[in-house]
Structure formats: C-alpha cells, structure tokens
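Visitor: coords below, sequence missing:
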C-alpha cells in the first residue's frame, strides 16, 4: 500500500526537469531545459506527496484510555494526479518534437 502511494505521488517529467533532476540533451534541445526551469513554459505541477493529517484528541479521560484519532486524507485524487502527469508527458513530447522539427 505504501509503494502504491509513493508511485501515485511521483513527480512528472517536467517537474523533474524544473528541479534539475532530469536533464535534456543540450545539443538536441539547446534552450528547452532553461525555458522549463525559468518558468517560460507553463505547466501544472504534480502535487507533492502529502501525508494525511492525523489528530489525537484527548478528552480528559483517565490516562489508561487511548486518545481518539481522527485522520484526514489528502485532498488530491489519484485520477487528477495521473491526468497532470500525463499532460506533462504529452507537453514534453510536443516540445521535443517541435525542437527536432525546427532543427
């Protein structure tokens, strides 16, 4: 379950380029990496993995009683994250194919 959660919240390709983790070939795409990192190419970032908020409510009962735990899951849905990552992949493919055609 933890692995699925991590895979679900992994960053998209444009997020990786923006944070200087994934690099493009500078000979093939000379200005594309700088444009993505500089914010010249707008894209919706994949949400960062968020742990659910957990609250422990103490009701003043004796110390032997366990506190009531309330868990609030993160607001992002799995399908939304998948759609954002897919849109980033499509945009990257369009950008790289446009660079190849203009060369």
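Guide: Here it is on my side, so go on. Because the structure is a prediction, the values reported are computed rather than measured.
Visitor: Remind me what the lengthiest helix in the chain packs against, helices and strands.
Guide: Longest helix in the chain, counting residues (DSSP state H): helix 78-102. Contact partners of helix 78-102 among helices and strands, from 3 or more C-beta pairs under 8 Å, 6 or more residues apart in numbering; DSSP states H and E: helix 2-8, helix 13-18, helix 32-37. Every C-beta, even on glycine, is put in place using the N, C-alpha and C of the backbone.
Visitor: which ones are touching residue 85?
Guide: Applying C-beta atoms under 8 Å, 6 or more residues apart in numbering, one finds that residue 85 lies in contact with 10, 12, 46.
Visitor: Quick one, which of those are buried?
Guide: Buried members of those, scored by 16 or more other C-beta atoms under 10 Å, are 12, 46.
Visitor: Identify, from the contacts of residue 85, the entry nearest to residue 34.
Guide: Of all the contacts of residue 85, residue 12 has the smallest distance to residue 34: 18.5 Å, by C-beta to C-beta.
Visitor: For the closest one, which non-adjacent residue is spatially closest?
Guide: residue 88 (3.5 Å; C-beta to C-beta, 6 or more residues apart in numbering).
Visitor: Quick check: the gap between that neighbour and residue 2.
Guide: Distance, residue 88 to residue 2, using C-beta to C-beta, to the nearest Å: 24 Å.
Visitor: When the two are compared, which one has more neighbours?
Guide: In this view residue 88 and residue 2 are compared by other C-beta atoms under 10 Å, and residue 88 has more residues nearby, 22 against 6.
Visitor: which ones are touching that one?
Guide: Going by C-beta under 8 Å, 6+ apart, residue 88 touches 12-15, 43-44, 46.
Visitor: switch the cut-off to 7 Å
Guide: Counting by C-beta atoms under 7 Å, 6 or more residues apart in numbering, residue 88 makes contact with 12-14, 43.
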